[in-house]
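Peer 1: Pasted the sequence and its predicted model underneath.
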Amino acid sequence: MPLDDNWFSEQHAGIGSAWSARIKKKVFDQRSPYQHVEVYDTEGFGKLMVIDGCTMVSTLENFLYHEMMAHPVLFTHPDPRRVAIIGGGDCGTLREVLRHPGVEHCTQIDIDELVTRASELHFPELCEANDDPRAELLFIDGIQWMQQAEAGSLDVIIVDSTDPVGPGEVLFSTEFLTACQRALAPDGLIVQQSESPLAHLDLIQAMYARFGSAGFGDTRTLFFPQPIYPTGWWSATLAGRHGSLQHFREADARSKPFETRYYNADIHHAALVQPEFFRKAIGG
């Protein structure tokens, strides 16, 4: 919600907090059949995208989220070639996925084309891979697409969704995760953004149960900073059909043929460390 003409603020009623940024002006304001998309030009965070009043991405810190949604899962898989992104309309995760030369095809499925068009205008750096011949952008129902995907046709699924309310709620359901499990090859992996471990621990606990019900084996949560989201501490949860997620292709991560701003092999190790309260809550 706008505080006044000079500030944008998102209030988090569940934990009694708010995040604010001083704004220069609003540069984009459109509604789609699905949601209200706004972009502000801010003094400290660059451009800031807001969807239905919730902060989504900013110029300053988006690399934290996009790198951690893409690189840990891709370096954990032995040979990721076929990738699907559910959501991800700002295209930053797509860009990070296609930095991996071994990826042969990446399909991004986001129901709302307006998010991508706003990103192309105001976050062009996130959309650098949109014209990559390995990229396929679809603006359709991602749940339906996943349910119709050929069994065993994917190596990695990245669920880059909004919060588990409204259009994003079904992406956290056992039904959807079961469809993902079916679409993955035997050594396939899925990663899903899993909110704040401080503010949404109950959601992460439920996700572990749903991954198990959907037929996944090992499940691990990665932690990383995310300044514009509630509490400033975020997570992504990995699940695999078989094998342990504790190990990854460390030598490949250390010699990666592309630059990153946050992710490296040591960050990967550190992100897998489970805080004591989390270990007790999850039972790991």
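Peer 2: Looks like it arrived, so ask away.
Peer 1: got any ranges where the stretch 51-200 of the chain has weak pLDDT?
Peer 2: Residues of the stretch 51-200 of the chain that meet the criterion pLDDT under 70 lie in 162-171.
Peer 1: same thing but at 90, please
Peer 2: For the stretch 51-200 of the chain, the stretches with pLDDT under 90 are 161-175.
Peer 1: what are the ranges of the helices in it?
Peer 2: Assigned by DSSP state H, counting those that start in this stretch, the helices in the stretch 51-200 of the chain fall at 62-76, 92-97, 113-122, 142-148, 174-183.
Peer 1: Residue 266 - how many residues pack around it?
Peer 2: 11 (other C-beta atoms under 10 Å). All C-beta atoms are positioned from the backbone trio N, CA, C, and that covers glycine.
Peer 1: State whether it is indeed within a strand.
Peer 2: No - counting by DSSP: H, G, I helix; E, B strand; the rest coil, residue 266 is located in no strand; its state is helix.
Peer 1: how about the closest residue to residue 249 other than its chain neighbours, what does it touch?
Peer 2: Using C-beta to C-beta, 6 or more residues apart in numbering and skipping the chain neighbours, the partner closest in space to residue 249 is residue 75 (5.0 Å). Neighbour list for residue 75: 248-250, 252-253, 268 [criterion: C-beta atoms under 8 Å, 6 or more residues apart in numbering].
Peer 1: Who are the contact partners of the closest residue to residue 91 other than its chain neighbours?
Peer 2: Nearest non-adjacent residue to residue 91, counting by C-beta to C-beta, 6+ apart: residue 127, 4.6 Å away. Taking C-beta under 8 Å, 6+ apart as the criterion, residue 127 is in contact with 91, 95, 116, 119-120.
Peer 1: Nearest residue to residue 215 in space, please, no chain neighbours.
Peer 2: residue 181 (4.6 Å).
Peer 1: Then residue 62?
Peer 2: Here the residue nearest residue 62, using C-beta to C-beta, 6+ apart, is residue 92, at 5.5 Å.
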